[in-house]
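Asker: okay, structure incoming, though there's no sequence with it:
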């Protein structure tokens, strides 16, 4: 049977959802590992990553069940959810790739001022103090703060990696957004195919 038939489309859609399940479990595992070993102390960050992983896991399970059973209702909701996720993820990925240096700095500063726990994590991990300058009257968990003159501001270090990180995140996001639109196309096609093993006169 040539690829494009019922069995081939079913296998392709199932494999795509198995990939999503693996990615979702990876996200959940990495977030839990980072929290367990103290690499990330911010509950909100860990909860956000785990939430994304659980959402992706649920969507993938719906898609996998719909593909294996050729269940029209599950496939329809899966297709709609996947299309919405594609639009959001594609937009965010393009925004990450389009940000210039000034916009990156503004985004970093907003994130810096938003959470004190995240700020302390960054200072401790990158061994820096303060966002734009080192204030010796403030407390700082970084090792370099024992001799404040040797400390660098965190914005200097963050700016060195911000562009690379945003390009990496944007590229990964674009890659998965195209797999999502592939999933939408496969689901739409699969819903309109008849199972050759079923009664040819039955409604599918």
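Answerer: Okay, I see it. Computed from a prediction, not measured in an experiment: that's the story for all the values here. Numbering: from 1, shown residues only.
Asker: quick one: the helices in this protein?
Answerer: Secondary structure of the chain (DSSP state H): helices at 6-36, 43-69, 72-98, 101-114, 116-126, 154-191.
Asker: right, so of those helices, which gets closest to residue 142?
Answerer: Residue 142 lies closest, by C-beta to C-beta, to one member of the helices of the chain: helix 116-126, at 4.8 Å. From N, CA and C alone the C-beta is placed, and that goes for glycine too.
Asker: tell me the mean pLDDT for the closest one?
Answerer: Helix 116-126 shows a mean pLDDT of 79.
Asker: report the angle between that helix and helix 101-114.
Answerer: Put simply, helix 116-126 runs at 120 degrees to helix 101-114, going by axes from the mean of the first three to the mean of the last three C-alpha atoms, to 10 degrees.
Asker: how far does helix 116-126 sit from its chain's centre?
Answerer: Mean C-alpha position of helix 116-126 versus that of the full chain (C-alpha atoms, centre = their mean, to the nearest Å) differs by 22 Å.
Asker: any buried residues in it, and which?
Answerer: 118, 119, 120, 121, 122, 123, 126 (16 or more other C-beta atoms under 10 Å).
Asker: ok, residue 145 - contacts?
Answerer: 129, 151 (C-beta atoms under 8 Å, 6 or more residues apart in numbering).
Asker: same thing with residue 101?
Answerer: 159, 163.
Asker: quick one: residue 157 from residue 130, how far?
Answerer: 11 Å (C-beta to C-beta, to the nearest Å).
Asker: more crowded one of these two?
Answerer: residue 130 (21 against 15; other C-beta atoms under 10 Å).
Asker: circling back: closest one to residue 148 among the helices of the chain?
Answerer: helix 116-126 (12.4 Å).
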